[in-house]
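> based on what follows, work out the 3D shape:
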Amino acid sequence: MHPASPPPDRSGLDALLRNRPFLALWTGQLLAQVADKIFYVLLIILLKTGDYRPWPVSWQYSENSMLSAVMIAYTLPAIFFGSAAGIVVDRFSKKQMLIGCNAIRAVLIVALPFLPKTFVVLLAITFLVSTVTQFFAPAEAAAIPLAVGREGLMSANALFASSTMGGIIVGMTIGEPLFSWVKHSFGPAYQEFLLGGLYLISAGLIYAMHIKENHGGSGAKNVHPWQDLKEGLRYLKHNHLVSNAMVQLTILYSVFAALQVLAIALSGKIGLKETQFGFLLAAAGVGMVFGAAFLGHWGDRMQQKPLPLLGFLMMGFVLAMFAFTRQLWLGFSLSALFGFGASLINGPMQALIQEKTPESMRGKVFGFENNAINIALSLPLAVTGPLTDAVSKVVGSDDLGLRIVLLSLGLLVSVMGMAAWHHTRKVLKDAL
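Residues are numbered from 1 along each chain as shown. So this is what the prediction gives:
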């Protein structure tokens with residue numbers, strides 16, 4: 001599939017920033033990412049205000065239990081519907097799917113002030129918004145190859161990865177101050193209108209994206225979910241190039257999830273408040289931006305280098321060094337290096353999947369990838385904290401327990417990276 005611009009012989013960040021279809025897709029998804037995280041903040045605010053009460057009223061009011069239930073409703077669709085969403089994405093226009101997802105999410109959120117103020121309603125809206133988001137993710141990944149040429153895939157994916165991290169940080173940071181300003185200036189109901197407006201602006205940006213798509217006469221009447229699911233699994237089973245790249249991405253996101261948990265305790269060790277752990281994660285986002293720039297300018301010259309292996313070794317080194325880091329500047333520097341290493345894995349592997357997967361299969365493949373990544377994110381979030389507490393209890397010191405976990409995780413990441421490259425280098429080396 002040839003993009004409308006730029007010419008196919010151009011690559012790198014310069015070409016991407018002049019590629020109007022890519023810019024429309026990139027800015028649209030970035031705004032949607034920010035809106036996703038602001039929605040997460042809105043859920044917490046709505047529960048903290050106490051306006052949403054349990055139903056039936058006879059239930060005992062428990063804010064923590066209600067918050068946990070909302071987080072579960074926000075997370076479960078990613079696990080349940082990730083693969084199914086990919087099947088649907090393959091049957092319809094990626095551009096229309098992206099616009100439709102944003103429009104539906106806007107309508108659901110704007111409807112909140114007009115619905116009954118019961119917890120069941122909030123839970124249902126959360127579940128529905130998260131479910132629609134599962135269709136947005138594979139459609140976005142499948143649209144990237146349609147907006148850029150083959151030479152631009154690595155740079156485009158590195159830029160998407162870094163901007164995704166940036167969107168998370170920005171959304172989580174500006175959410176509460178933005179809602180406070182809107183609430184005091186215009187009224188509480190305008191919180192939902194503001195958020196719905198962000199999704200609609202994202203839809204408008206993506207509407208400006210001009211790409212060519214092949215639908216092959218597919219449509220809702222031809223959808224056979226079970227057959228399509230089996231077709232996608234068969235494709236991954238027989239295409240070792242794509243499945244091995246997906247394994248490395250799954251490992252990458254598992255490590256990132258573990259760092260999110262450990263960053264809370266680590267922040268207190270390097271001079272930050274534990275509530276300021278977001279700054280440490282933000283430094284990783286900066287590293288990913290530099291990684292995107294590196295791949296954009298020198299990625300073509302590094303095609304024969306084992307970039308994923310270098311990325312895993314870099315991340316393993318950083319995690320081990322975190323065990324002995326007590327200076328703020330060093331902590332930020334190591335976190336940026338961690339993000340740079342992550343970009344060396346994410347950019348090449350994601351570009352490889354997009355390049356080697358036929359357009360008719362991209363939705364299924366990215367649906368499976370989205371499913372695997374969400375599971376990979378959930379497991380470390382559930383295990384890392386209790387494991388650190390258990391080790392600290394055994395050794396009798398929180399500081400020593402954290403060090404042991406960081407050193408062990410650093411070693412594990414390095415070994416997993418070397419093992420993954422050892423088993424996949426035969427199929428990946430010629431393709432990178």
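> does residue 200 lie in a helix or a strand, and which?
Secondary structure assignment for residue 200, by DSSP states H and E: helix 190-207.
> now for that helix, which elements pack on it?
Contact analysis of helix 190-207 by 3 or more C-beta pairs under 8 Å, 6 or more residues apart in numbering; DSSP states H and E lists helix 20-49, helix 94-110, helix 153-185 as its packing neighbours. C-beta: built from backbone N, CA, C; applies to glycine.
> what average pLDDT does the first one get?
Mean pLDDT, computed over helix 20-49, is 87.
> for the nearest residue to residue 312 once chain neighbours are set aside, give me phi and psi.
Leaving aside its chain neighbours, residue 312 sits nearest to residue 417 (2.3 Å; criterion: C-beta to C-beta, 6 or more residues apart in numbering). When quoted as degrees, to the nearest 10, the phi and psi of residue 417 stand at phi -60, psi -40.
> try residue 318
When quoted as degrees, to the nearest 10, the phi and psi of residue 318 stand at phi -60, psi -50.
> neighbours of the spatially closest residue to it that is not a sequence neighbour, how many?
The shortest distance from residue 318 to any residue other than its chain neighbours is 4.3 Å, reached at residue 338 (C-beta to C-beta, 6+ apart). Applying other C-beta atoms under 10 Å, we find 27 residues neighbouring residue 338.
> quickly find the element holding residue 338.
Counting by DSSP H and E, the element that carries residue 338 is helix 328-356.
> show me what that helix is packed against.
In terms of contacts (3+ C-beta pairs under 8 Å, 6+ apart), helix 328-356 is packed against helix 119-147, helix 153-185, helix 240-269, helix 277-298, helix 307-322, helix 362-395.
> I'd like the average pLDDT over it.
For helix 328-356, the mean pLDDT works out to 88.
> so who does the residue sitting nearest the centre point of the chain touch?
Geometric centre of the chain, nearest residue: residue 164, 6.2 Å, by C-alpha atoms, centre = their mean. For residue 164, the contact set (C-beta atoms under 8 Å, 6 or more residues apart in numbering) comprises 30, 33.
> mind checking how far it is from residue 193?
26 Å (C-beta to C-beta, to the nearest Å).
> repeat that for residue 260.
Using C-beta to C-beta, one obtains 31 Å as the distance from residue 260 to residue 193.
> also residue 36?
Per C-beta to C-beta, residue 36 is found 17 Å from residue 193.
> which one's more surrounded, those two?
The neighbour comparison of residue 36 against residue 193 (other C-beta under 10 Å) goes to residue 36, with 21 against 16.
> what's the local residue count around residue 202?
Other residues within reach of residue 202 by the criterion other C-beta under 10 Å amount to 27.
> mind listing what it touches?
So, once contact is read as C-beta under 8 Å, 6+ apart, residue 202 ends up touching 28, 29, 31, 32, 35, 102.
> what of residue 367?
Listed by C-beta under 8 Å, 6+ apart, the contact set of residue 367 reads 82, 83, 84, 85, 86, 87, 89, 138, 232.
> can we see that at 10 Å?
Neighbour list for residue 367: 81-90, 134-135, 137-139, 141-142, 228-229, 232 [criterion: C-beta atoms under 10 Å, 6 or more residues apart in numbering].
> quick one: average pLDDT of stretch 365-381?
Per-residue confidence for stretch 365-381 averages out to 74 on the pLDDT scale.
> over to stretch 72-89?
pLDDT averaged over stretch 72-89 gives 79.
> for that stretch, buried residues please.
Buried residues in stretch 72-89, counting neighbours by 16 or more other C-beta atoms under 10 Å, are found at 73-79, 81-89.
> from those residues, which is closest to residue 368?
residue 83 (5.4 Å; C-beta to C-beta).
> for that closest one, give its distance to residue 129.
Distance of residue 83 to residue 129, computed by C-beta to C-beta: 19 Å.
> could you do residue 408 as well?
Distance check for residue 408 against residue 129: by C-beta to C-beta, it reads 37 Å.
> the more surrounded of these two?
For residue 408 and residue 129, the more surrounded residue by other C-beta under 10 Å is residue 129, and the numbers stand at 23 against 15.
> got the phi and psi for the residue nearest to residue 330 when sequence neighbours are not counted?
Sequence neighbours aside, residue 270 is the residue nearest to residue 330 in space, at 7.5 Å (criterion: C-beta to C-beta, 6+ apart). Here is the backbone geometry of residue 270 (degrees, to the nearest 10): phi -110, psi 10.
> let me know the pLDDT of residue 270.
Here the pLDDT value assigned to residue 270 is 89.
> look up how far residue 134 lies from the nearest residue to residue 379 once chain neighbours are set aside.
Spatially, and ignoring its direct neighbours in sequence, residue 379 is nearest to residue 254 (6.9 Å; C-beta to C-beta, 6+ apart). Taken as C-beta to C-beta, the spacing of residue 254 relative to residue 134 amounts to 19 Å.
> residue 174 now?
Note on residue 174: its distance to residue 134, by C-beta to C-beta, is 25 Å.
> between those two, which one's more packed in?
Neighbour comparison, residue 174 and residue 134: the larger count goes to residue 134, with 26 against 15 (by other C-beta under 10 Å).
> I'd assumed residue 75 was in contact with the more buried one.
No: Residue 134 is beyond contact range of residue 75, at 11.1 Å (criterion: C-beta atoms under 10 Å).
> what touches both of those two?
For the pair residue 134 and residue 75, residues contacting each of them under the criterion C-beta under 10 Å, 6+ apart are residue 374.
> point out where the stretch 151-300 of the chain drops to low pLDDT.
Low-confidence regions of the stretch 151-300 of the chain, defined here as pLDDT under 70, cover residues 165, 172, 214-230, 232, 274-275, 299-300.
> for residue 249, see how far away the closest residue to residue 247 other than its chain neighbours is.
Using C-beta to C-beta, 6+ apart and skipping the chain neighbours, the partner closest in space to residue 247 is residue 420 (6.4 Å). Relative to residue 249, residue 420 is positioned 10 Å away (criterion: C-beta to C-beta).
> residues shared between the contacts of these two?
Counting by C-beta under 10 Å, 6+ apart, the contacts common to residue 420 and residue 249 are 308, 345.
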